[in-house]
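1. Model the following, please.
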Amino acid sequence: MIEQQLEKLFDDLKLGSIVKPIEAVSGGFMHRMYKVCTADKTYAVKHLNPEIMKRPDAAANYAKAEQLESIIEEAGIPIVAALSFDGRKMIKEGTDCFYLFEWHRGSINDWNNITEEQCRKAGNILGRIHALEPDKDIKEEPEECHIDWDKYIREARDTENEVYGLLSDNEELIRYAESELNRARKLLPDIVRISDEDMDPKNVMWENGKPYVIDLECLNYGNPVSHALQLSLQWSGITICNIDLSHIKAFFEGYFQAYDNGFRSYQEIFGLVYTWLEWLEYNISRALGKSADEQERDMGISEVKNTLKRIRYIYDNETEIKKVLEKL
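-> Residues are numbered from 1 along each chain as shown. The predicted structure is shown next:
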């Protein structure tokens, strides 16, 4: 099915005939990615998750991300931007949506082998993005997280889904994390900038020591303080439950070189790291079979396990991480 879609897509875009078997490559947890070769060029093709694209706000969100991607590209910040065809980046083939990219020979660094220098470079790129435009004058009440955990626990129990035990065993932790997340959101300063809150290590490709940001569909306007904190911790290893505290300092060194709004009370907003709760909810929904795709359900169960482990690790290491943040 996908082979036929891609063959028609390349024919419609007049890119030439596909000359090698289409190869599935890593596309993250949300979408699927393929390596496609013609006689002249090699492309990376991203097949956007049809379930995501059904959301009412999906089209507007992707359009905004494309606009911001162009601003970042024009500023000379190293990214891998989607190719444009007659002014369009997102290409539809039937009911499905695709992005095409030039194939890069770089690689994604293993999460366990990230260096201080890479953290410094990543922080600097994020700072350059945050420094692109003046603050937007937006005064809004913080969006609090209120997830109906009782409903999910009840549904998992009634359907005998394996996430039931995971949720019931961690219910106290989940409610603590939600409380801390909401408290921290209320303490955020009113600053809004172009930002990429998804710029974690899996979304930066390294080629001859130089970083290139990929997977830019999450580009939006957001709070730079929140994103700097969360990404500094992801680059430092919190995602794999193996944090290197020196990497937090390195990330912020690079960040402050490019952008500095004077904020330093990062330890006070540590609870923002528990935004993983929203990823947890999404994957609970996947695990409970909201999608008809069995692979989606299996991915949901796996990510519920991973995310709960991560939230527990964050909780266990709060004190030591806050000490580092206080010294910024």
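
2. Need the three-state assignment for Leu15.
-> coil (DSSP: H, G, I helix; E, B strand; the rest coil).

3. tell me the mean pLDDT over stretch 205-220?
-> What stretch 205-220 shows for mean pLDDT is 95.

4. which residues are contacting it?
-> Identification of contacts with stretch 205-220 by CB atoms under 8 Å, 6 or more residues apart in numbering yields 28, 61-62, 64-65, 68-69, 72, 77-82, 99, 101, 104-109, 118, 121-122, 125, 194-199, 202-204. Heads up, the C-betas are built off the backbone N, CA and C, glycines and all.

5. ditto for stretch 81-92
-> So stretch 81-92 is in contact with 9, 13, 43, 48, 62, 66, 69-70, 73, 97-102, 216, going by CB under 8 Å, 6+ apart.

6. Just those: which are in strands?
-> With strands taken from DSSP state E, the overlap with the contacts of stretch 81-92 comprises 43, 97-102.

7. Buried among the contacts of stretch 81-92? Make that a ChimeraX selection.
-> Those of those that meet the burial criterion (16 or more other CB atoms under 10 Å) are gathered into one ChimeraX selection, given here:
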select :9,13,43,48,62,66,69,97,98,99,100,101,216
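
8. List just the nearest of the contacts of stretch 81-92 to Leu272.
-> Distance to Leu272, by CB to CB, is smallest for Leu216 among those, at 21.8 Å.

9. What values do phi and psi take at the closest one?
-> Note on Leu216: backbone dihedrals following degrees, to the nearest 10 are phi -100, psi 20.

10. what's the distance between it and Arg193?
-> 15 Å (CB to CB, to the nearest Å).

11. What of Lys249?
-> According to CB to CB, Lys249 stands 22 Å off from Arg193.

12. any idea of the pLDDT on Val45?
-> pLDDT, read off for Val45, is 96.

13. That one should be in a strand, yeah?
-> Yes. When three-state DSSP is applied, Val45 is found to be in a strand.
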